[in-house]
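Novice: Need the 3D shape of this:
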Amino acid sequence: MSSLLRFAKVACTKKVVTKAVSISLVVGSLLNLINQGEHLISLNFDQLNIAKLLFTYLVPYAVTTYTAVSLHLEFNIGQKAIMEADLECKVCRHRAHVNEQTLIPECPKCGLQTRWRVK
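Specialist: Model (predicted):
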């Protein structure tokens, strides 16, 4: 599976989308009040910059999604794998295969120092 498909699969999970939407609503609303508050409070929609309003929600959504996906795609020993993957130890290049929801093992050569990457 390509890295873009892996990213998209995790980004579309209910947990990631829910978190990103909630963060985006809070942060985006606060930033819109800071940036265009006078127009929003006075309901002066003629002066409201719609593109700026939308981007102010989109940016926190994108940042939250990227951060969540990055954390989910880290395969740390002792955690459950979020998807089936072929892993390679960053230190010694030992390879391992994990199935979804199975515990991620230590590298037999590196032990607790294991740092896996998706191969």
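
Novice: For the closest residue to C89 other than its chain neighbours, name its beta-bridge partners.
Specialist: In this structure, C89 finds its nearest non-sequential neighbour in C107, 4.2 Å apart by CB to CB, 6 or more residues apart in numbering. The C-beta positions use only the backbone N, C-alpha and C, and glycine is treated the same way. With DSSP bridges as the criterion, C107 is bridged to G111.

Novice: try the one 10 residues further on
Specialist: With DSSP bridges applied, R117 shows beta-bridge pairing to E88.

Novice: What residue spans form the domains of the chain?
Specialist: 3-72, 85-118 (automatic domain parsing).

Novice: Any chance of those domains in CSV with mean neighbour count, distance to Q79 and mean pLDDT as columns?
Specialist: What follows is the domains of the chain, written out as CSV (neighbours: other CB atoms under 10 Å; distance: least, CB to CB, whole Å; pLDDT from 0 to 100):
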stretch, mean neighbour count, distance to Q79, mean pLDDT
domain 3-72, 14, 10, 90
domain 85-118, 15, 6, 91
